[in-house]
Structures are given as structure tokens and as C-alpha cells.
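In: Quick one: sequence and predicted model below, then my questions.
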Amino acid sequence: MTSLLVIIVLVLLAVALWQLTKIFDLTQVGVKANNTGVADDNDNKVQGYLMFGFLAFIYIFTIYGLLKWGGLVLHTPASAHGGEVDALMNITWILIFTVQTITQGLLYYFAFKYRGKKDQKALYFADNNKLEFIWSVIPAIVLAGLILYGLYAWTNIMFIDKDEEVIEVELYAQQFKWTARYSGEDNVLGKANVRYIQGVNSLGVDASDPNAQDDKVVTELHLPKGKKIHFKMRSQDVLHSAYMPHFRAQMNCVPGMVTEFAFTPIYTTAEMRDMPFMQEKVANINNIRAKKSIELVAKGEAALDPYTFDYLLLCNKICGASHYNMQMKIVVDTPEEYKKWLKDKPTFAEELKAEKAAPAADAATKGTDSVKASQPMTMAQVVKK
Amino acid sequence: MSAEALDHAHDHAHDHDHEHHHKDTFITKYIFSIDHKMIAKQYLITGIIMGVIGVAISILFRLQLAWPEESFQVFKIFLGDSYAPNGVLLNDRYLALVTIHGTIMVFFVLTAALSGTFSNLLIPLQIGARDMASGFLNMVSYWLFFLSSVIMVSSLFVESGPASAGWTIYPPLSALPQAIGGSGTGMTLWLVSMAIFIAGSLLGSLNYIVTVVNLRTKGMSMTRLPLTIWAFFITAIIGVISFPVLLSAALLLIMDRSFGTSFFLSDIYIAGEVLHYQGGSPVLFEHLFWFLGHPEVYIILLPALGITSEVIATNSRKPIFGYRAMIMSIIAIAFLSTIVWGHHMFMSGMNPFLGSVFTFTTLLIAIPSAVKAFNYITTLWKGNLQLNPAMLFSIGLVSTFITGGLTGIILGDSTLDINVHDTYFVVAHFHLVMGISALYGMFAGIYHWYPKMFKRMLNKNLGYIHFWVTAVCAYGVFFPMHFIGLAGLPRRYYTNTNFPLFDDLQNVNVIITAFAIVGGAFQLVFLYNFFVSIFYGKKTVQNPWKSNTLEWTAPIEHMHGNWPGEIPHVYRWPYDYSKPGHDDDFVPQNVPMKEGEEQLHH
């Protein structure tokens, strides 16, 4: 309903504007005989002032945006390398705002200042090597600085030191869910290929690989604070992208290959929730949800749950109809909590054994599974037809 | 060489005169015309129709983004039950709309319509040629474009949906109908349409190159060419270099889809079964796609910049500042554009070392771009600005080119790209720097050369309204998008309220949609002005903007061969505006140098 109202208001606004301009047009009739379609002095004057006004609009809109929406932007990074990324980002922003303010200022100010007048003559000024040299060299130097900083940071982030002590975790993507596999005691992930997918082995882990026996497959990602996590990404069907915005981390998951990204989480979920900026953000979101809930309840629908902050792993590469809803919760624990959590999870070998031990029960457990599994099956049949 | 060209042109002139007298039926004049001016108009009108479809689609999906999963009457009317049962847009059809919007705007409006219209109209007229080198190929080029447009639009009506894998059509999503419905017949039509489109585009580009190289009139040396022609010429060259690569990518994708090859596919388990594909790589497709895709950005932008150069110089009554630097920038941008494609793939899983290389080349491209922006601003300085609608759009282009270009420094830097890759930040960036900028360039061109095309003037007051509302709305739409992108909101999400993380971004989305609707609605002012003025506009004079270039020396009335008598000779560069020692503030290119007149530019 609100949407309809907004649209109606917008349409009316547009109509009103149109009418206003029509009136404006009518008032011009007779004032001047210029209907050649070429701007005259009066047009130049009006448009020149509007140019200046537009400069004001850009500046004000920028400031308004920064004040109103600046708080929405991702805040304190939750990973060790995030600080470096954000520092480079901030330097770049300072540069961008400076250049933007100056160049837009000059552009629109000149458009205003040198608006055409009948007896005005333009300066014949075709070339100046010195000026052009200056504005080729300055960007070159500034960009060289940015490139060097950027490349230094990039190398630090992307090249994973083989000797470093890391925890290997596999992120497994499929339409439309994430699964994680921990490498277990040996810290080596077992080999895997989609051709091994069968029953409980939904990630296609090679059961004959000794390294695979202690792997642990989970649907919620837990990470220990302060330890470097080496993610290895796989996808079973289409391209996905593992995007962890709070950690300044992203990497595509590509069927047929293993991609990598590594970072060290530095704040536990609890610590992040306690940060003042986060509390403010969550309070704001809960406010919005509360308001929405009132509307929903009035319509006879269920109210929204209140929100508590959690890190999320999102899919950031178009992957199909439910792309927008492909996410997994990430929990950053203290190392002790993490160990405790992981200990309780069954290993791959145990899961396989359980599957074999209960072939009768299998049908029953599969019953829940088959809801998911059978749907794609029928889809495949439809396609084959 | 010029003399040779001249002879050649003369031969042409005679040929055309004959044709002109003997057969000029409705069909040869308006439909299968081989006259470049008519073909330009055909491109323009087809492009406008495609543009209307593309923009309308964007407003439809903006409604969904602002008020997710609500029922809209407009959806029922325009999309029907297969897209929006009960007026609620389906999630896969949302992706279909996004995909077709991108495809239409990038290829059909900003590549074909922009380049096709103005290259065709201006190349022969501004270099002093009777027509294109091959009028027939030119006609074929247009009709291939038309055919591909029809196929692309018809794919909207396919039962399983049009292509829905994003305009970048990355496999495996685009290859497997099991992955998304649109990858069935819809995708096939998309690929067929694009293959035809590329063929048309190549014929056009080759024609432009040959024409510019061979058919310049006497005295029209390369360094006396208007910057428009330089831009079209270089654009055609990068088109010829990069479009075939997309064609090969499309062909290989067709093979994978229909003939079971594995160029781009490997190790796939979908819909409960393992597919046979083995050994291909989607990353290969990304390389091939972006080898075109990035130059494509400049194929779109350079003609707009060329138009702007011409319009700004004419309306400033001043020479374009740094003519040679502008040419060098165009060439540098064109060269660099072919070696930066990897910046679209920092997160694709390619070797990070490649990321370093592409960061380096990408940020280099900022230098010629900066030179261009500064040169435009300096051209305005101490000018006598005639603020015609075309001029406003040109100034607007410089503005959005700077605003959008600056955020490229962030996206081109692999480190910073990690967190903004594929978010709304990217959407904001490229819409401003190539979408809006190129549209402004196109509008500038239409307002400026409308009298040349249709012999009548556009209504300038409607033009002013069109510009100001568009300018405000363009910033209104894309400026807030930077913030939601920096908040981490991924693009191509059907809704961002499905989980609470992005709930606080929803009201920004409403604002964006409001601006989009108003901005879109005011394009109707332009459409009205455009179509009504064709018939009822004020009759134009021969050189309404007091411009120097050769097209304004041709008579208003169109004729095959452009000039009734001899082709004008050229004695000077095209930017002698307000030159000291002349009575008028413009000196057309065909005016001989006065005795002792100094050539003041380098």
C-alpha cells in the first residue's frame, strides 16, 4: 500500500513538474522571438546559473549522503589484513574526494562563469605543453604510489606462506547452500571429486584417502580467533563466490578447480557484538524490523524475529534463482571454544561407518534428505525430455 | 593518397547520381537504403526503441528492489503470469530482467546505436566523402543488427525465460538448463542474437576504418580530423580486435551446451547426477569474455567522448584544448583497454600474480583519462559558452565521467577490489562512468546533429528540462548505490531483506527507485520532443551551431553523395573558433588560410 502511495506521489510530482515547465514555457511566449532552437543570451544566463546550482546540488548531496548513509558502510574489519585494506581504502577516498571536489568545482564554475554573452569573445587557447605535462605527471606519480601500496598489500594477502601454521578449511558451494569441511587432526584435507558423491558423502570426499578419514563436515562455520585460516574453495555445480564482507575476504568457487583465500579472524563474534558501532547498527536494524513487524501483524502475518549480529558468508556470484539467499553463519570463537565445538563433530570415517551400520535406518534418514534430493532429480528428468 | 581518394570519391559520386535518378522507391530509400545518412537514422531509431525497452526493464526490477515481493499492477500488465504470478516478480525472472537490461543497454543501445548512428552519419560527412566505402556492407551491417535486436527481444517471450545468467553469461550457469530455466532456449537465442550482432558490428567497423583511411577529402590529413572521427576510427579498431574473441567464446559455449564438449565445464554434479564434462574451465570463459568485455567499455565510451569533444569546442567557441594530447589519449586508452581485462577477474581464482599485473595496467589507464578530463575543463575556461542542450549533456558527461571514473581507482586496485567486487559499488561505478556518460554523449550527439539528420530543430526548452531532470536523477540513483555497496550488499540479489544483515539498506533502495522512476519518466519528454520535432520542429538553417566541420557545408536537403557539386577541400583543422584575425568566431575547415595567417596550434 505504501508503495502504491509513493508511486502515486511520484507520478503526481512528475506531472506537476511538467505542468510547471509548461507554464514557464508559456510565460516566455512573446517575451522574445527566439524560437530558432539555438541558445541565446537569456538561455545562457539561466542555464549558467543552473550549472552553478547543480554544483551546489552535487556538493550538498555528497555531504548529505556521507552524513545520512556513511554509517551504513562496513566498519571495523574482523580480520588481521582488514586493517591494511581499510587503510588503503581511506587514503584512496581522501584522494578521490579531493579530486572530485576540485574538478567538479572547476567544471561547473567555468560553465557558469564563462556562460555566453553576445559581445564576449573566447580566448583562442589551443595548446600548452607545460600544463598538459603537469596534469599527466601528477596523476602518474599519485597512481604510482597507490599501485605500490596496493600491490604490497595484495601480495601480503594473497600469497600464503607455506611454512606458516594454518588451519585448513574447505568451503564447499552448491546451489544454494554452503558446507564446510575441516581437515581434522592431520590438518590435511582428503582428496575429493564430485564423482564420489554418494549418500552421506555429499561433498564427494575420497573415502580411500587416509587424509580424509579425520575430516569433519559441518554446516556452520566456526573459526578460532587469532589463528590463520586457509580456505580452499570448491563448487559442485556453477560459479559461486565466497564473500565474507566483515573479514574483507572474497574468492570465487569454481567447479573443476580449488581456489584459495586465507585470513586471521581477530574478533570473536561476542566481541564484535559488543562494539559500540555494532550495537548501534543492530539497534537500528531492530527498530526497522519492529516497525515492519507492526505492519505485518496488522496484515495477519508473523512478526519478524529480532536481530542479533552474526558474521555471514554470502554468495556473491550470480548462481541461480535463490542466489540472494545462499549464506552460512560464521562464528568466531576463542580457541578453547573452537576446540570444544569441533571435538563434538563426527569425523568423515565415523559418518561413513554410521551410514553403513544403519542401512535400514538409512531409508528413514534419507526421507528428510530426499525432499531436497528428489526435487533436483525430477528436474533433471524434465530436462532430459 | 588524398588525390587518389578524391578520384575514388568522384567515381562514387557518379554511380550514386545514376542510382539517384533511376530508382528511388520507398524500399530503397527508407528500408534497404545504402545511404549512410538513412542508415544512421535507422540505427538511431532502432536504438531508441531498444533503449526504451532496456530502461523500462530497469524500472520494473527497481520496483522489486525497493518493495521486495510486493504485488504490482505494472508487473501484471507488462510481465504477465509467467514472470510475475499475481503481480509478484519471480526470483529467477528478476535475474532474467537484470540480464536482458544489461545486454540491451551495453550492446544494443550504447554499442550499436551510439556508434552506429554517429559513425555512419558523421564519418562521410566530416571527412568529406560521398558515402561509406561500401554502402552495401553498411546496409547489411544495419540489418544484421536489426535481426539480432528482434531475436534478443523475442527471447523475452520464451516459456522457460530469457537468458538469466547475467549479461556476462558465465558458464556453467549459462550452460546448464538444470541450473536456471533461462539457460535453455532463452540462452540459445541470446547466443544466436549476439553472434549475429557481432557479425553486424564487425562489418560496420571494417567499413568505418576503410572509409576513414581511404576516403578523406583533399587536405584532410589525419591531424585535421575532428576528434569525433578519431574516436570513431579508434573505436572501430578496438571493435575489430576484440569482438571476434567474444564470438569465439560464444561459439565454444554453444559447443559446450549443444554438442557435449568441455571447454568451460568440468566436474559438475547437478540435479542429482554427475555430468560428463571434464577438464574445461569457467575461468577460460571469463578471460575470453572480458578480453572483449573491457575494450567494450571503451567501444561505448570513446564515441561519446568524441562527440563531447566536438560539441564542447563548438559551443565554447574555443579550440578544443590539447588536440594532439586528446588524440594520444584516445590511442593510449584504446591500447591499454586491451590489456586490462583481468581487473574483472581479481576474485576469479586466477593466479594472484596476474592480479598484480592487471592492477598495474588498470591504474595506468587513469592517466590518459585524467588528461581528457582536464582538457575538457580547460576548453571551458575563458570560453563563450553557448549553453545549448547538447552542451549541457556534454558538460554532464565530463561530470559523470569524473565521478564514475574516480571510483575506478578503488575497483582497479586488486586489494580494494576484494571487498567491493560484485557489490552495488561496482554497479554505481560502471553505470556512472560508462552508462550515464555514454548516454549523455548520445543525447549530446542527438541534440547537436538532429538538424543534420531531420532538417528540423529540437525544442530547446524541452531539451533543458530533459537534461536537468536526468542529471539530478542520475546522481540520485547512482550516488547512494556507492554506500550500499560499501556496506557489502552483493549485486544481483533478488531482495536484500531475506536475512536481517542488510535491513538498514532498504530505505536507500526506496530512494534510488524513486529517482529511477522520475528519471525514467522524464525520458518521455525527450521521446516526445524527438518524434514530434521530426514532423513539426522548426526548420533548421544550414549551420545552426556555427560549426567548423564539413557536415555543415553540405546542404540541408539530403542527397546521395552529400554535396551537390565538388567535395569541399580542407585547409585547416576543425577547431579554429574565435581565432584572432577573423571576423566571425568560427572558420570552417573549407575556408583557405588567409595570406600570412599563422597556424596557432601544434
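Out: That came in fine, so what should we check first? Keep in mind that this is a model prediction, so the values were computed, not measured. Numbers count the residues shown, from 1 in each chain, chains lettered A, B, ... in the order given.
In: so where is chain B shaky, pLDDT-wise?
Out: Along chain B, segments meeting pLDDT under 70 span B:1-23, B:601-602.
In: quick one, strands of it?
Out: Remark: strands assigned in chain B by DSSP state E are B:269-270, B:273-274.
In: Can you tell me what sits against the last one?
Out: If I follow you right, that is strand B:273-274. A:194, A:195, A:197, A:380, B:268 (CB atoms under 8 Å, 6 or more residues apart in numbering or on different chains). For every residue, glycine as well, the C-beta is placed using N, CA and C.
In: Take those residues and write them to a markdown table, including secondary structure.
Out: Below are these laid out as a markdown table (DSSP: H, G, I helix; E, B strand; the rest coil):
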| residue | secondary structure |
| --- | --- |
| A:194 | helix |
| A:195 | helix |
| A:197 | coil |
| A:380 | helix |
| B:268 | coil |
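In: Out of those residues, which one has the lowest pLDDT?
Out: Minimum pLDDT across the contacts of strand B:273-274 is recorded for residue A:380, with 36.
In: is it true that residue B:381 touches residue A:114?
Out: Yes - Residue B:381 is within contact range of residue A:114, at 7.0 Å (criterion: CB atoms under 8 Å).
In: And for the residue in the stretch 151-300 of chain B that chain A sits nearest to, the neighbour number?
Out: In the stretch 151-300 of chain B, the residue that lies nearest chain A is residue B:266 (3.0 Å; CB to the nearest CB). Using other CB atoms under 10 Å in any protein chain shown, the number of residues around residue B:266 comes to 19.
In: repeat for residue B:214
Out: 16.
In: How about residue A:353?
Out: 12.
In: helix or strand for it, which one?
Out: Using DSSP states H and E, the element containing residue A:353 is helix A:348-357.
In: pLDDT on that helix, on average?
Out: pLDDT averaged over helix A:348-357 gives 90.
In: Alpha carbons of that helix, as PDB, please.
Out: Extracted as PDB, the C-alpha positions of helix A:348-357 are listed here (Å, rounded to 0.1, in the frame of the first residue of the first chain):
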ATOM      1  CA  PHE A 348      34.100 -38.400   7.900                       C
ATOM      2  CA  ALA A 349      35.100 -42.000   8.700                       C
ATOM      3  CA  GLU A 350      32.600 -42.100  11.600                       C
ATOM      4  CA  GLU A 351      29.800 -40.800   9.400                       C
ATOM      5  CA  LEU A 352      30.500 -43.400   6.700                       C
ATOM      6  CA  LYS A 353      30.500 -46.100   9.300                       C
ATOM      7  CA  ALA A 354      27.200 -44.900  10.700                       C
ATOM      8  CA  GLU A 355      25.700 -44.900   7.300                       C
ATOM      9  CA  LYS A 356      26.800 -48.500   6.700                       C
ATOM     10  CA  ALA A 357      25.700 -49.600  10.200                       C
END
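In: same for it, what does it pack against?
Out: strand A:216-218 (3 or more CB pairs under 8 Å, 6 or more residues apart in numbering or on different chains; DSSP states H and E).
In: Return the members of the contacts of strand B:273-274 classed as buried.
Out: In terms of neighbour count (16 or more other CB atoms under 10 Å in any protein chain shown), the buried residues within the contacts of strand B:273-274 are A:194, A:197, B:268.
In: can you put those residues in JSON lines and add distance to residue B:234?
Out: Below are the buried ones among the contacts of strand B:273-274 laid out as JSON lines (distance: CB to CB, whole Å):
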{"residue": "A:194", "distance to residue B:234": "46"}
{"residue": "A:197", "distance to residue B:234": "51"}
{"residue": "B:268", "distance to residue B:234": "41"}
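In: Going along the chain, name the helices of the stretch 101-250 of chain A.
Out: Using DSSP state H, counting those that start in this stretch, the helices found in the stretch 101-250 of chain A span residues A:129-158.
In: Residue B:536 - how many residues pack around it?
Out: Neighbours around residue B:536, by other CB under 10 Å: 9.
In: So it versus chain A, what's the distance?
Out: Counting by CB to the nearest CB, to the nearest Å, the gap between residue B:536 and chain A amounts to 12 Å.
In: thinking again about what came up before, buried deepest among the strands of chain B, which one?
Out: Comparing the strands of chain B by mean neighbour count (mean count of other CB atoms under 10 Å in any protein chain shown), strand B:269-270 ranks first with a mean of 22.
In: which residues touch the closest residue to residue B:480 other than its chain neighbours?
Out: Leaving aside its sequence neighbours, residue B:480 sits nearest to residue B:508 (CB to CB, 6 or more residues apart in numbering or on different chains; 5.0 Å). Applying CB under 8 Å, 6+ apart to residue B:508 gives the contacts A:69, A:72, B:480, B:483, B:484.
In: can you do 7 Å?
Out: A:69, B:480, B:483, B:484 (CB atoms under 7 Å, 6 or more residues apart in numbering or on different chains).
In: just checking, which of the residues you listed belong to helices?
Out: A:69, B:480, B:483, B:484 (DSSP state H).
In: Redo these as CSV? Include neighbour count.
Out: Output for those, formatted as CSV (neighbours: other CB atoms under 10 Å in any protein chain shown):
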residue, neighbour count
A:69, 21
B:480, 25
B:483, 22
B:484, 26
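In: export the residues you listed to CSV and tack on distance to residue B:199?
Out: Shown next, in CSV, are the ones in helices among the contacts of residue B:508 (distance: CB to CB, whole Å):
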residue, distance to residue B:199
A:69, 45
B:480, 40
B:483, 42
B:484, 39
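In: so which of those residues comes closest to residue A:93?
Out: residue B:483 (12.3 Å; CB to CB).
In: That's all I had, so thanks and see you.
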